[in-house]
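Asker: sharing a model prediction with you, sequence too.
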Amino acid sequence: MTTNTATPKTAYSEINNLVYRSYLPNIISAAIDIGVFDELRYKPMSCAQITDVCGADERIMDALLEVLLALTYLEKDKSIYKLSPLADEFLTQASEFNQLGAIKQFTTHNGPLANLTEALKGNIVDFDQHAWSNESAMRGIEQGTKAGALQNVLAFVKEIPEFKRAKKMCDFAGNSGYYSYAFLNENPDLHAHVYDLEQVCKIALQIKKDEKNYNRVSYHSFDLIKGDDFGCDYDFFFSSHFLYKYDTPESLACILKRINKSMKIGALFVSNHISGGMKGDHHLTLCIVELITRSMGFPTHCLKEDMLRKALLDTGFEIISTKAPNYRLAYPELILAARKIQDV
Ligand SMILES: C[S@@+](CC[C@H](N)C(=O)[O-])C[C@H]1O[C@@H](n2cnc3c(N)ncnc32)[C@H](O)[C@@H]1O
């Protein structure tokens, strides 16, 4: 079996954006339950003030308000939120036309937002880092990635001279290594080292055993929370959808220093992460993704470009180039390439 890198002709995001909207009744319902619309009817407030009057968790409230803003149920002036005329008429208890009962009928008791009201009250579950440690989740994430994201990254990376010369790469938290197999097809001298949790590596060894170039991929069990090592002497270091957990400049610089130490001078670093700043349906989808992420106990699903750039410059890298997010993809990602120019 060879990794298929043909690009889909139509846009995965069309259906993806639609299915994310199916979470909206649960989101609006939780906002009703915790009193967002009724409280804002009295007076416009900041996120901190609404959090206080509703007795909520501020980070989750912040993500909820951004979804309601994207829906235009709220309006925002500087940092102050107020009800839109639509929400005032249809989403408050005091309105004789309200649609609260109808919305309740559309809410579901399963799925990632079934417990949103509890999470808003501060009863947040511990994040399950093993969410991708089973075969169906692994096949699912690979399939979603091959719906355009993988081809988008590959088209960018394969033109970079440092990639063409690379012999040893790290696929950091690379799951079953689907990105690695795509890179190996483009560079016959490359060997990939995929680092991920032990259970993920065990399953990957099974499900990839018939894949072309399997013998050019080494799987290594590691747990970053335990501070495990992730190898050295890389010519190419690839990090995709994993750096979100480093959500402060300090923690991001700390992991980038470790990444720097694992690379040769002149080696290539490529980041592939959601960086925010989308418009229209994508903006609403990413607001919903952020709310789900925070309510599942993970810090964020967005790595801001300016924070990444600064952290790279502070940790011995120079930026080579970037590729702007592609709206046809499920989660438009910013791809950024940097070169290691000094040890730190
Ligand atoms: C969102 S997936 C990203 C996979 C792949 N890099 C991509 O872009 O599609 C996050 C990956 O991080 C791995 N992971 C989660 N916690 C980890 C930890 N503490 N140490 C190492 N890997 C971890 C998961 O098993 C999963 O494969």
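Answerer: Here it is on my side, so go on. Numbering: from 1, shown residues only.
Asker: now do the buried residues in stretch 327-334.
Answerer: Along stretch 327-334, the positions that meet the burial threshold by neighbour count (16 or more other Cβ atoms under 10 Å) are R328, L329, A330, Y331, P332, E333, L334. (Glycine included, C-beta is placed from N, CA and C.)
Asker: do it and the ligand meet at all?
Answerer: No - looking at stretch 327-334 against the ligand by Cβ under 6 Å from any ligand atom, there are no contacts, and the closest approach is 8.7 Å.
Asker: pull up the distance across that stretch, start to finish.
Answerer: When the termini of stretch 327-334 are compared using Cα to Cα, to the nearest Å, they are 11 Å apart.
Asker: what does that stretch contact?
Answerer: 11-13, 16, 144, 147-149, 152-153, 240-241, 271-275, 278, 282, 285-286, 289, 305, 322-326 (Cβ atoms under 8 Å, 6 or more residues apart in numbering).
Asker: which ones among the residues you listed come in contact with the ligand?
Answerer: Checking those against the ligand by Cβ under 6 Å from any ligand atom, the ones in range are S240, H241.
Asker: in helices, which of the contacts of stretch 327-334 appear?
Answerer: Using DSSP state H to define helices, the subset of those located there is Y12, S13, N16, G144, A149, N152, V153, H282, T285, L286, V289, E305.
Asker: distance to G101, pLDDT and neighbour count for the residues you listed - can I get that in JSON lines?
Answerer: Supplementary listing: the ones in helices among the contacts of stretch 327-334 in JSON lines, determined by distance: Cβ to Cβ, whole Å; pLDDT from 0 to 100; neighbours: other Cβ atoms under 10 Å:
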{"residue": "Y12", "distance to G101": "35", "pLDDT": "86", "neighbour count": "17"}
{"residue": "S13", "distance to G101": "33", "pLDDT": "87", "neighbour count": "21"}
{"residue": "N16", "distance to G101": "30", "pLDDT": "91", "neighbour count": "17"}
{"residue": "G144", "distance to G101": "36", "pLDDT": "92", "neighbour count": "16"}
{"residue": "A149", "distance to G101": "40", "pLDDT": "94", "neighbour count": "24"}
{"residue": "N152", "distance to G101": "44", "pLDDT": "95", "neighbour count": "20"}
{"residue": "V153", "distance to G101": "46", "pLDDT": "97", "neighbour count": "21"}
{"residue": "H282", "distance to G101": "31", "pLDDT": "90", "neighbour count": "21"}
{"residue": "T285", "distance to G101": "27", "pLDDT": "95", "neighbour count": "23"}
{"residue": "L286", "distance to G101": "30", "pLDDT": "95", "neighbour count": "25"}
{"residue": "V289", "distance to G101": "29", "pLDDT": "96", "neighbour count": "21"}
{"residue": "E305", "distance to G101": "44", "pLDDT": "96", "neighbour count": "17"}
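Asker: any idea which of these is closest to L312?
Answerer: Closest to L312 out of those is E305 (10.5 Å), distances taken as Cβ to Cβ.
Asker: wait, G177 sits on H193?
Answerer: No - the pair G177 and H193 does not pass the contact test of Cβ atoms under 8 Å, sitting 9.4 Å apart.
Asker: neighbour count winner among the two?
Answerer: Neighbour comparison, G177 and H193: the larger count goes to G177, with 29 against 21 (by other Cβ atoms under 10 Å).
Asker: flag every residue of the stretch 1-150 of the chain that's near the ligand.
Answerer: Looking at the ligand, the residues of the stretch 1-150 of the chain close enough under Cβ under 6 Å from any ligand atom are Q129, W132, S133, I141, T145.
Asker: most neighbours among those residues, which one is it?
Answerer: Top of those by neighbour number is T145, holding 23 neighbours under the definition other Cβ under 10 Å.
Asker: which one is that residue nearest to, not counting chain neighbours?
Answerer: Take T145 and drop its neighbours on the chain: the residue closest to it by Cβ to Cβ, 6 or more residues apart in numbering is Y178, 5.9 Å away.
Asker: give me the phi and psi for the one you found.
Answerer: When quoted as degrees, to the nearest 10, the phi and psi of Y178 stand at phi -60, psi -40.
Asker: so G122, which state does it fall into?
Answerer: For G122, the assignment made with DSSP: H, G, I helix; E, B strand; the rest coil gives coil.
Asker: you'd agree it is up against D57?
Answerer: Yes - the pair G122 / D57 is scored as a contact, 4.4 Å apart, by Cβ under 8 Å.
Asker: out of the two, which sits in the busier spot?
Answerer: A side-by-side neighbour count of G122 and D57, using other Cβ under 10 Å, places D57 first with 19 against 12.
Asker: gap between the more buried one and S218?
Answerer: Spatial separation of D57 from S218 under the definition Cβ to Cβ, to the nearest Å is 42 Å.
Asker: any regions of this protein where pLDDT drops low?
Answerer: Counting by pLDDT under 70, the chain contains low-confidence ranges at 1-4.
Asker: burial measure for L313, as a count.
Answerer: Other residues near L313 come to 15 when the count uses other Cβ under 10 Å.
Asker: R258 now?
Answerer: With other Cβ under 10 Å as criterion, R258 counts 14.
Asker: quick one, what contacts the closest residue to it other than its chain neighbours?
Answerer: Residue nearest to R258 in three dimensions, not counting chain neighbours: F230, with 7.7 Å by Cβ to Cβ, 6+ apart. For F230, the set of contacting residues under the criterion of Cβ under 8 Å, 6+ apart consists of C170, F172, Y195, H220, F222, L224, R258, S262.
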